[in-house]
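S.K.: no sequence on this one, just coordinates:
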RNA sequence: GGAGAAAUGGCAGAGCGGUCGAAUGCGGCGGUCUUGAAAACCGUUGAUCUGUUUCCACGGAUCCGGGGGUUCGAAUCCCUCUUUCUCCGCCA
């Protein structure tokens, strides 16, 4: 959510910037400014009336104490009409306030100046490419065949237990999951992240804080009896740790890492390219989250990008880094880098990580603020997050890229974690 | 699940219808003292909205778990929700 101050001060700038995201902000901005103006007008009136009311009430108190009953009664008379006026004004204010809020959350975050214009995936800017694309034999299988061949992931069984998109990992398949999770967490810890193990069900406030609610309501599993939501990413609970929190500037950047299962309904997104591990309802992910000082948040972003790059390159996977164009970015992001790894048997790039700086957009909703030393004023912090990494597509790429006639070779960095070097 | 008690500033904790944004202590910050530190002493110390103002600053409103109500006036009374604690029960 953009701050109302920014909208007041830089209306034209906002409209201009949001064009990069192909978003026509003009009408919403105008509506917001109108609502804000009337809100303030009413607010100022009620404030002064309320002040008058308080003054009279105090007088009454003193009169009562002095035993001047009649004068007190006379003063009371004066309050009745005031009280009614205040009430009618506050009744007017409520709907305006609510409408203002709902308009405010319709505006997407401003894209960073380095964000390329564009409409979709084709317009993303390739920033970097690394690793070597393997040459597989003609007999090479896509991962959905490999998992059957080696009996390491069972989709049919998941359908029996739950439904489509809930795979069951078996034997070395399960162990590979655990190895990847531990590898990612250990690497994160080495990079200065604190490990967090949060709840994987969250309440409505948390869903709102990171922006899943109200707009993406249908994308989350909802435990209606208790009104809890299954998290679509660890970003939700971990970032919400800092909801309504005022940090000291010297505590920044705050760096947390968390492994959680993630749950996504993926309503409406089934179609091509969703076979096997490419898209699931439940999957594992290690997420990194930073709360940063606005002056240094882009340094944090670069640091996160190079951390993720380290992970994919240590796993020996061919990868590329994209800077997303305005049209392909999320609603909340100011700048996003996507990581894709090459899936050799599918012969296509798979997105495995998305690293973003949200600047103060999320923080404004969360009320996540900080205070500079010696400064009286609180300011909004910047929030960032990134996958480091999401497992299924990494597993898909490892299986496909590393297949040999003898079996699937485990990347050397993972062997201490798996305890085996070959799936056969 | 049953019965009872409670929720106040960064923390502890008073206040239980009138001048209370809230005593006091601790902590934090600034200062005096000291070669330096500690101790002692003095001062200072929340958030949000908003008005005047270039800034500094000054003024008003709101906030004592959330929401609602009573009252001229609510931290204080009533209703409701949430959470915590104690005892009993149940389960691990």
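M.R.: It's in. Since the structure is predicted, the reported quantities are computational estimates derived from the model, not experimental observations.
S.K.: output the below-cut-off pLDDT ranges for chain A.
M.R.: A:268-273, A:374 (pLDDT under 70).
S.K.: that one - how does it break down into domains?
M.R.: A:4-104, A:121-423 (automatic domain parsing).
S.K.: okay if I get these as TSV plus mean neighbour count and distance to RNA strand B?
M.R.: Bear in mind the C-beta positions are built from the backbone N, C-alpha and C, glycine included. Below are the domains of chain A laid out as TSV (neighbours: other CB atoms under 10 Å; distance: least, CB to the nearest atom of the strand, whole Å):
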stretch	mean neighbour count	distance to RNA strand B
domain A:4-104	14	3
domain A:121-423	19	4
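S.K.: which helix or which strand is home to residue A:72?
M.R.: Here residue A:72, judged by DSSP states H and E, is contained in helix A:69-104.
S.K.: next secondary structure after that helix?
M.R.: strand A:125-130.
S.K.: ranges for the strands of the stretch 201-350 of chain A?
M.R.: In the stretch 201-350 of chain A, the strands defined using DSSP state E, counting those that start in this stretch lie at A:201-202, A:222-223, A:228-230, A:245-248, A:254-263, A:282-292, A:319-323, A:335-343, A:348-357.
S.K.: other SSEs contacting the last one?
M.R.: Contact analysis of strand A:348-357 by 3 or more CB pairs under 8 Å, 6 or more residues apart in numbering; DSSP states H and E lists helix A:297-314, strand A:335-343, strand A:382-390, helix A:391-401 as its packing neighbours.
S.K.: ok now the third one, how far from the chain's centre?
M.R.: This points to strand A:382-390. Between the centre of strand A:382-390 and the centre of its chain there are 8 Å (CA atoms, centre = their mean, to the nearest Å).
S.K.: give the other helices and strands that that strand contacts.
M.R.: helix A:172-190, helix A:235-240, strand A:282-292, helix A:297-314, strand A:348-357, helix A:361-366.
S.K.: and the fourth one with strand A:382-390, angle?
M.R.: Here helix A:297-314 runs at an angle of 0 degrees relative to strand A:382-390 (axes from the mean of the first three to the mean of the last three CA atoms, to 10 degrees).
S.K.: could you check the angle helix A:297-314 makes with strand A:319-323?
M.R.: Using the same axes, to 10 degrees: helix A:297-314 against strand A:319-323 is 160 degrees.
S.K.: the domains of chain A into a markdown table, with extra columns for distance to residue A:112?
M.R.: As requested, those are exported to a markdown table (distance: least, CB to CB, whole Å):
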| stretch | distance to residue A:112 |
| --- | --- |
| domain A:4-104 | 9 |
| domain A:121-423 | 4 |
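S.K.: can you say which of those domains is nearest to residue A:114?
M.R.: domain A:121-423 (6.6 Å; CB to CB).
S.K.: can you give me the end-to-end distance of that closest one?
M.R.: End-to-end distance for domain A:121-423, by CA to CA, to the nearest Å: 34 Å.
S.K.: and the helix or strand hosting residue A:34, what does it pack against?
M.R.: Using DSSP H and E, residue A:34 sits in helix A:26-65. If contacts are counted by 3+ CB pairs under 8 Å, 6+ apart, helix A:26-65 sits against helix A:4-9, helix A:11-18, helix A:69-104.
S.K.: nearest to residue A:389, of those?
M.R.: Across these, closest to residue A:389 is helix A:11-18 (CB to CB), at 30.5 Å.
S.K.: gap between that closest one and the chain center?
M.R.: 23 Å.
S.K.: and the angle from that helix to helix A:26-65?
M.R.: Per the same axes, to 10 degrees, the angle that helix A:11-18 makes with helix A:26-65 is 130 degrees.
S.K.: got a list of contacts for helix A:11-18?
M.R.: A:2, A:6-7, A:24-26, A:29, A:33, A:107-108, A:110-111 (CB atoms under 8 Å, 6 or more residues apart in numbering).
S.K.: likewise stretch A:120-138?
M.R.: A:116-118, A:309, A:312-313, A:316-325, A:327-328, A:337-338, A:342, A:344-345, A:400-403, A:405.
S.K.: mind checking the end-to-end distance for it?
M.R.: Termini of stretch A:120-138 sit 33 Å apart (CA to CA).
S.K.: leaving out the residues flanking it, which one is nearest to residue A:52?
M.R.: residue A:82 (6.3 Å; CB to CB, 6 or more residues apart in numbering).
S.K.: same question for residue A:363.
M.R.: residue A:380 (4.4 Å).
S.K.: residue A:320 too?
M.R.: Residue A:320's closest residue in space is residue A:129 (CB to CB, 6+ apart), at 4.4 Å.
S.K.: distance of that neighbour from residue A:313?
M.R.: Using CB to CB, to the nearest Å, residue A:129 is found at 11 Å from residue A:313.
S.K.: is it true that residue A:157 touches residue A:164?
M.R.: No: contact status for residue A:157 versus residue A:164: not in contact, 11.8 Å apart, counting by CB atoms under 8 Å.
S.K.: related to what we said a few turns ago, and the helix holding residue A:72, what does it pack onto?
M.R.: Using 3+ CB pairs under 8 Å, 6+ apart: helix A:69-104 touches helix A:26-65.
S.K.: so the helix it packs on versus helix A:69-104, what angle?
M.R.: 160 degrees.
S.K.: quick one: helix A:26-65 to chain centroid distance?
M.R.: On CA atoms, centre = their mean, the centre of helix A:26-65 falls 36 Å from that of its chain.
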